[in-house]
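**Q** Below is the structure, and that's it, no one-letter string:
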């Protein structure tokens, strides 16, 4: 396979991220939390509604922790990767679309649909990552993984821009109110996601290494064997520990960006503009990091981006106005896709291809499991010191430990 010409399968795999990312931006990061609080749960106590949303995410993510490696293991020994992938994405798409039909006060249904959509969105990504190993040779992992994230930022950002305009100027789109605009945004995500699912559904050809008569029993055995063999693949095992640490820092920075903005006195419109800025800066930047990774190695990219994250956390201690927050948002967009794309690519190079599903199940599990630690550290820090200006300080520990552990990962990459 030549470096310059990518197959139809690979192009379809990259383009799927344009649709997939619409859920992450419009639904997960922006409109669901805002609309849930101001519309569906407007008839219950705000503290209680926040608590219910938190528990929905906990249940959804914990379910993923226990099932993601098993999903990968099942598809490693049965010819079901394509069917399971399409089914999971379809369930998520339908649940997002159903949000359109919910009226004021329907907070319970909103949480149920959102929780199911979030679970199947995350679970399908286990198989999406696995498909990369099946359709491309290792020398292309850096390039393709980076391209996926880059076009994902572009696609998610483009639809989010349209959705943001719909919510800010509903009359321009023939809508009666901002509430109508946000409800219609959920429909646009479902349609957009479906459109970009189709090429991969059509072009991806199922691969199977082993075939089993007793799929459930043997897949569980496969999962247990993979867990045992993780330590045999020394570099993959060490990388998972490093990834567990630094990716939690990345996720926590993303999750708390809006909180920073609110503390600076920015309004909702300004926060939406900052989120759009992140998406469109991330698009060309992630393409650039993919080029750097292909030329010099994924480990170099991860090291550089971790160092920049550390600098940005130190910079955040002195934020005083909206302009400085926009600079911070832009710089986060500059490095976010690089560290994500190179992490996936480097891990793909360190694992056996015949167990890619189970290994990526563990990889995605580590990514989700880590999502609890950063917020917990910050919560403890705030409880003790009561200082929001330094609230990201505990994340320095995660990034510094992550880069130290990463040092011990041996790769074939040369500078």
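**A** Thanks, I have it. Model, not experiment: these values are computed from the prediction. Numbers count the residues shown, from 1 in each chain.
**Q** what about residue 125, helix or strand, and which?
**A** For residue 125, the host element (DSSP states H and E) is helix 107-135.
**Q** buried residues in that helix?
**A** 107, 110-111, 113-135 (16 or more other Cβ atoms under 10 Å). Using the backbone N, CA and C atoms, a C-beta is placed for each residue, glycine as well.
**Q** other SSEs contacting the next helix or strand after it?
**A** Sequence order places helix 141-168 as the next helix or strand after helix 107-135, per DSSP H and E. When contacts are defined as 3 or more Cβ pairs under 8 Å, 6 or more residues apart in numbering; DSSP states H and E, helix 141-168 packs onto helix 8-22, helix 107-135, helix 178-203, helix 268-296, helix 322-350.
**Q** quick one: low-confidence parts of the chain?
**A** 1-4, 208-223, 226-227, 255-256, 258-260, 262-263, 369-372, 387-389, 413-415 (pLDDT under 70).
**Q** report the longest helix in this structure, please.
**A** Secondary structure of the chain per DSSP state H: the longest helix is helix 46-77.
**Q** could you give the angle of it to helix 107-135?
**A** Counting by axes from the mean of the first three to the mean of the last three Cα atoms, to 10 degrees, helix 46-77 points 30 degrees away from the direction of helix 107-135.
**Q** Return the set of buried residues in helix 46-77.
**A** Quick answer for helix 46-77 (16+ other Cβ under 10 Å): 49, 52-53, 56, 60-61, 63-65, 67-77.
**Q** what's the answer for stretch 261-269, then?
**A** Those would be 261, 266, for stretch 261-269 by 16+ other Cβ under 10 Å.
**Q** who's in contact with it?
**A** Residues outside stretch 261-269 that contact it (Cβ atoms under 8 Å, 6 or more residues apart in numbering) are 34, 168, 270-271, 274, 319-322, 325, 388-389.
**Q** Just give me how far it sits from the chain centre.
**A** On the basis of Cα atoms, centre = their mean, to the nearest Å, stretch 261-269 sits 24 Å off its chain's mean C-alpha point.
**Q** Over to stretch 239-252?
**A** 13 Å.
**Q** which non-adjacent residue is nearest residue 161?
**A** residue 276 (5.5 Å; Cβ to Cβ, 6 or more residues apart in numbering).
**Q** Touching, the one you found and residue 159? I think so.
**A** No. In this structure residue 276 lies outside contact range of residue 159 using Cβ atoms under 8 Å: 10.7 Å.
**Q** neighbour-wise, which of these two wins?
**A** residue 159 (24 against 21; other Cβ atoms under 10 Å).
**Q** Show the contacting residues for the more buried one.
**A** So residue 159 contacts 22, 25-26, 188-189, 192 (Cβ under 8 Å, 6+ apart).
**Q** Likewise for residue 393?
**A** By Cβ under 8 Å, 6+ apart, residue 393 lies in contact with 313, 317, 381.
**Q** Report the buried members of those residues.
**A** 313, 381.
**Q** Among the contacts of residue 393, which ones are in helices?
**A** Checking the contacts of residue 393 against DSSP H, those in helices are 313, 381.
**Q** that older thread, among the contacts of stretch 261-269, which pair sits farthest apart?
**A** The largest separation in the contacts of stretch 261-269, counting by Cβ to Cβ, is between 168 and 389 at 29.7 Å.
**Q** Quick one: neighbours of the closest residue to residue 401 other than its chain neighbours, just the number.
**A** Once flanking residues are discounted, residue 401 sits nearest to residue 245: 4.9 Å by Cβ to Cβ, 6+ apart. Residues lying near residue 245 (other Cβ under 10 Å) number 24.
**Q** Which element, helix or strand, includes residue 225?
**A** Applying DSSP H and E, one finds residue 225 within helix 215-230.
**Q** Please identify the buried residues of the following helix or strand past that helix?
**A** Using DSSP H and E, the helix or strand that follows helix 215-230 in sequence is helix 234-263. Of the residues in helix 234-263, 235-236, 238-240, 242-254, 256-258, 260-261 count as buried by neighbour count, 16+ other Cβ under 10 Å.
**Q** So the residue lying closest to residue 290 once chain neighbours are set aside versus residue 28, what's the distance?
**A** Of all residues not flanking residue 290 in the chain, residue 146 sits nearest, at 2.4 Å (Cβ to Cβ, 6+ apart). Going from residue 146 to residue 28 by Cβ to Cβ, to the nearest Å gives 22 Å.
**Q** Look at the two and report which has more neighbours.
**A** Counted by other Cβ under 10 Å, residue 146 and residue 28 do not tie: residue 146 has more neighbours, with 29 against 19.
**Q** dump the residue contacts of residue 163.
**A** 26, 30-31, 181-182, 185, 188-189.
**Q** Around residue 367, how many other residues sit close by?
**A** 23.
**Q** distance between stretch 123-140 and the chain's centre?
**A** With Cα atoms, centre = their mean, you get 15 Å for stretch 123-140.
**Q** go on, stretch 236-249?
**A** Distance, centroid of stretch 236-249 to centroid of chain: 15 Å (Cα atoms, centre = their mean).
**Q** Check stretch 10-20 too.
**A** 14 Å.
**Q** Buried ones in that stretch, by neighbour count?
**A** Result for stretch 10-20 [16+ other Cβ under 10 Å]: buried residues 10, 12-20.
**Q** So what touches it?
**A** By Cβ under 8 Å, 6+ apart, stretch 10-20 touches 6, 89, 121, 125, 128, 131-132, 135-136, 140, 144, 147-149, 151-152, 154-156, 192-197, 199-200, 202-204.
**Q** what do you get for stretch 195-209?
**A** By Cβ under 8 Å, 6+ apart, the list of residues contacting stretch 195-209 reads 8-9, 11-13, 15-20, 76-79, 81-82, 86, 89-90, 93, 131, 134-135, 155, 354.
**Q** in it, what counts as buried?
**A** Neighbour count says stretch 195-209 has 196-197, 199-200, 203-204, 207 buried, by 16+ other Cβ under 10 Å.
**Q** Let's have these in a markdown table, adding distance to residue 306.
**A** Converted to a markdown table, the buried residues of stretch 195-209 look like this (distance: Cβ to Cβ, whole Å):
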| residue | distance to residue 306 |
| --- | --- |
| 196 | 31 |
| 197 | 33 |
| 199 | 34 |
| 200 | 31 |
| 203 | 35 |
| 204 | 33 |
| 207 | 34 |
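**Q** quick one, what contacts residue 240?
**A** Taking Cβ under 8 Å, 6+ apart, one finds 230, 347, 362-363, 366 in contact with residue 240.
**Q** Next, work out how far apart it and residue 266 are.
**A** The value you get for residue 240 to residue 266, if Cβ to Cβ is used, is 37 Å.
**Q** I'm done for today, thanks for sticking with me.
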